[in-house]
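Visitor: the sequence and its predicted three-dimensional model are supplied below.
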Amino acid sequence: MTKPKVKSERRESARARPARPLRILHTADWHLGHTLHDVPREFEHGRFFEWLLDQIGEREVDALLVAGDLFDAANPPARAQQAWFRFLGEARRRFRDLQIVAIGGNHDSAARLDAPDPVLSAFGVRVIGGVSRGGVEADLERLLVPLKGKGGEIGAWVAAVPYLRPCDLPAGDGEAGDALITGVRAAYAAVLTEAHRRAGDRTAVVAMGHLYLAGGKLSELSERKILGGNLHALPADVFPDFVAYAALGHLHLAQQVSRPAVRYAGSPLPLSLAERSYEHQVAIVELAGAKLEGVEIVRVPRWMELVRIPETGELRLDELLERIAAEPSRPAVEGTPEPLLEVAVRLERPEPAIRKTIQDVLEGKGLRLAKITPVYAGVGGSLGDVERGRALGELSPDEVFRRCWSRDFDGAPPEELLEAFHELLEQAQGDAP
């Protein structure tokens, strides 16, 4: 009698002990195949994948969510696709129980992501590239993914909604922009309502999306607002309060929108030189029952340094050259790319040899000149302000060139520049049909 009683007490103790929170790693906007001023990013992506797998293991992550823009282009190079499949293979080899859910973004080809689904699904990897012609209502079984905890119980239902193109949306009333917003609302509502029904009151609902929400901060150069090619931002209440966490992609600056549970993971790498100050990161999300237990932000290391001279604003050319000359030499590190350099310089007129001039001063500094940002003194106005009373079509290419130069640089263009312009013009006219 004693032994069964002990077993019963142990069972009761196990039942009383709360289960460990479901742990999710949220990332997005990998942009595999990206180049930054003609510099490939394979090295950085490779190091990121190594780091990411280590984080998954060290933090005992149950599920990895990738919220769109896996690739930088709809037709990515073979090496970028190999990197994706190599990562999936290594993740499955190291973590047999890891659940992986990825959605397509506006940079991705929905068909390309969906093509290997029969194989990937067999290995427990769910990739939803796009919505079928039947719309989200016809795709609910594809878009709803259960996530299981360590004990095998369902800890969350994921509404995995990929980037929605206008053709994916139900027809709406009103003007074009309002109709698009109404269509997105209806699409998310259909998926989230069904996720909530399946989850009930004791299981979390997690939303995944690749979209631009009102209040989100855009980066300077590398993103754009997306919704059918329009500039309409979606309201954050697309994700109702019963959504325990919304794992979003598209904005490269990691940020929360409206509440801590609605979050952009941001890109793991800077995708433009303007993003050098970003704190790139991933989010570790813990869910207990139907509630968000907490979000831990983990910074992603920087594997290629980005340098700007000056840090803000611009310098005259002589000042810039002095500043570069004063830079300490950076020793080469085997296997690590040289830092990329952006310079901002104030000029009175174009300097055709400026790149060579800067490169000469950079010799031995261990920096790669990636971008020269010129700021011309006195630039302003439009061509119409220079020549009133004549249509642009009435001006010859030579007149347009001279007047643009006069407007921007207060004088006539140098003769050698005019000769070069005329030579290019003749070549262009000679190639015209």
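Guide: On my side now, so go ahead. Numbers count the residues shown, from 1 in each chain.

Visitor: what about the strands in the stretch 301-433 of the chain?
Guide: For the stretch 301-433 of the chain, the strands defined by DSSP state E, counting those that start in this stretch occupy 306-309, 315-316, 340-347, 368-376.

Visitor: just say which of those is most tucked in.
Guide: strand 340-347 (a mean of 20; mean count of other C-beta atoms under 10 Å). Every residue, glycine included, has its C-beta placed from N, CA and C.

Visitor: so how far is D97 from E399?
Guide: 71 Å (C-beta to C-beta, to the nearest Å).

Visitor: equivalent analysis for G152, please.
Guide: For G152 relative to D97 (C-beta to C-beta), the value is 9 Å.

Visitor: which one of the two has more residues nearby?
Guide: Neighbour comparison, G152 and D97: the larger count goes to D97, with 11 against 8 (by other C-beta atoms under 10 Å).

Visitor: wait, what's in contact with the more buried one?
Guide: D62 (C-beta atoms under 8 Å, 6 or more residues apart in numbering).

Visitor: ok, V131 next?
Guide: V131 neighbours (C-beta under 8 Å, 6+ apart): 110, 139, 143, 162, 164, 168, 187.

Visitor: again with E286
Guide: 21-24, 292-296.

Visitor: just Q99 next, same as before
Guide: So Q99 contacts 62-64, 124, 126, 145, 147-148 (C-beta under 8 Å, 6+ apart).

Visitor: just name the closest of the residues you listed to T312, please.
Guide: T312 has its nearest neighbour among those in L64, at 37.1 Å by C-beta to C-beta.

Visitor: quick one: secondary structure of that closest one?
Guide: Here L64 is recorded as strand under DSSP: H, G, I helix; E, B strand; the rest coil.

Visitor: how much space between Y245 and G216?
Guide: Y245 is 16 Å from G216, by C-beta to C-beta.

Visitor: just to revisit the earlier point, who wins for most neighbours among the contacts of V131?
Guide: Among the contacts of V131, the one with the most neighbours (other C-beta under 10 Å) is P162, at 31 neighbours.

Visitor: what sits against it?
Guide: 68, 103-105, 110, 128-131, 210.

Visitor: next step: those restricted to helices.
Guide: Counted as lying in helices by DSSP state H, out of these, are A110.

Visitor: okay if I get the contacts of P162 as CSV plus distance to D237 and pLDDT?
Guide: Formatted as CSV, the contacts of P162 follow (distance: C-beta to C-beta, whole Å; pLDDT from 0 to 100):
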residue, distance to D237, pLDDT
G68, 21, 95
I103, 21, 98
G104, 24, 96
G105, 22, 95
A110, 26, 95
I128, 23, 96
G129, 27, 96
G130, 25, 94
V131, 22, 92
H210, 18, 95
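
Visitor: lowest average confidence, helix or strand, in the chain?
Guide: helix 2-16 (a mean of 41; mean pLDDT, DSSP states H and E).

Visitor: elements contacting whichever helix or strand V206 is part of?
Guide: Using DSSP states H and E, V206 maps to strand 204-210. Judged by 3 or more C-beta pairs under 8 Å, 6 or more residues apart in numbering; DSSP states H and E, strand 204-210 is in contact with strand 63-67, strand 99-103, strand 154-160, helix 176-199, strand 243-249.

Visitor: ranking the ones you listed by mean pLDDT, which is last?
Guide: Set side by side, the helices and strands packed on strand 204-210 differ in mean pLDDT, and helix 176-199 is lowest with a mean of 87.

Visitor: on that earlier part again, nearest to H37, of the contacts of P162?
Guide: Once C-beta to C-beta is applied, the member of the contacts of P162 that ends up nearest H37 is G105, at 22.4 Å.

Visitor: what's the burial count for the nearest residue to that closest one once chain neighbours are set aside?
Guide: For G105, ignoring the flanking residues on the chain, the nearest one in space by C-beta to C-beta, 6 or more residues apart in numbering is G68 at 2.8 Å. Look at G68: counted by other C-beta under 10 Å, it has 28 neighbours.

Visitor: would you map the helices across this structure?
Guide: 2-16, 42-58, 78-94, 110-114, 117-122, 135-138, 140-143, 176-199, 317-325, 354-362, 383-386, 397-409, 415-431.

Visitor: closest to S277 out of those helices?
Guide: Closest among the helices of the chain, using C-beta to C-beta: helix 42-58, at 17.1 Å.

Visitor: okay if I get the contacts of V131 as a markdown table plus distance to A78?
Guide: Rendered in a markdown table, the data for the contacts of V131 read as follows (distance: C-beta to C-beta, whole Å):
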| residue | distance to A78 |
| --- | --- |
| A110 | 19 |
| D139 | 29 |
| L143 | 29 |
| P162 | 23 |
| L164 | 28 |
| D168 | 28 |
| A187 | 33 |
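
Visitor: okay, who's weakest in those residues by pLDDT?
Guide: Minimum pLDDT across the contacts of V131 falls on D168, with 83.

Visitor: that one - nearest residue in space that isn't next to it in sequence?
Guide: Closest to D168 by C-beta to C-beta, 6+ apart is V131, at 4.3 Å.

Visitor: next, that neighbour: phi, psi?
Guide: For V131, the backbone dihedrals (degrees, to the nearest 10) come out as phi -100, psi 140.

Visitor: what about it, distance to G183?
Guide: In terms of C-beta to C-beta, V131 sits 11 Å off from G183.

Visitor: equivalent analysis for A83, please.
Guide: For A83 relative to G183 (C-beta to C-beta), the value is 34 Å.

Visitor: now do G46
Guide: 39 Å.

Visitor: look at those two and report which has more neighbours.
Guide: Shown here are G46 and G183; by other C-beta under 10 Å, G183 has more neighbours (20 against 14).

Visitor: please name the nearest non-neighbouring residue to the more buried one.
Guide: Spatial nearest neighbour of G183, chain neighbours left out: L169 (3.0 Å); criterion: C-beta to C-beta, 6+ apart.

Visitor: pop out the phi and psi values for the one you found.
Guide: phi -100, psi 150.

Visitor: what is the burial count for it?
Guide: Neighbours of L169 (other C-beta under 10 Å): 22.

Visitor: contacting residues around it?
Guide: So L169 contacts 135, 180, 183-184, 186-187 (C-beta under 8 Å, 6+ apart).

Visitor: same check, this time on R86
Guide: F49.

Visitor: apply 10 Å and report the result again.
Guide: 46, 49 (C-beta atoms under 10 Å, 6 or more residues apart in numbering).

Visitor: got the domain ranges for this structure?
Guide: 17-299, 306-431 (automatic domain parsing).

Visitor: where does the chain dip in pLDDT?
Guide: Residue ranges of the chain with pLDDT under 70: 1-18, 171-177, 218-232, 378-395, 408, 410, 426, 429-433.
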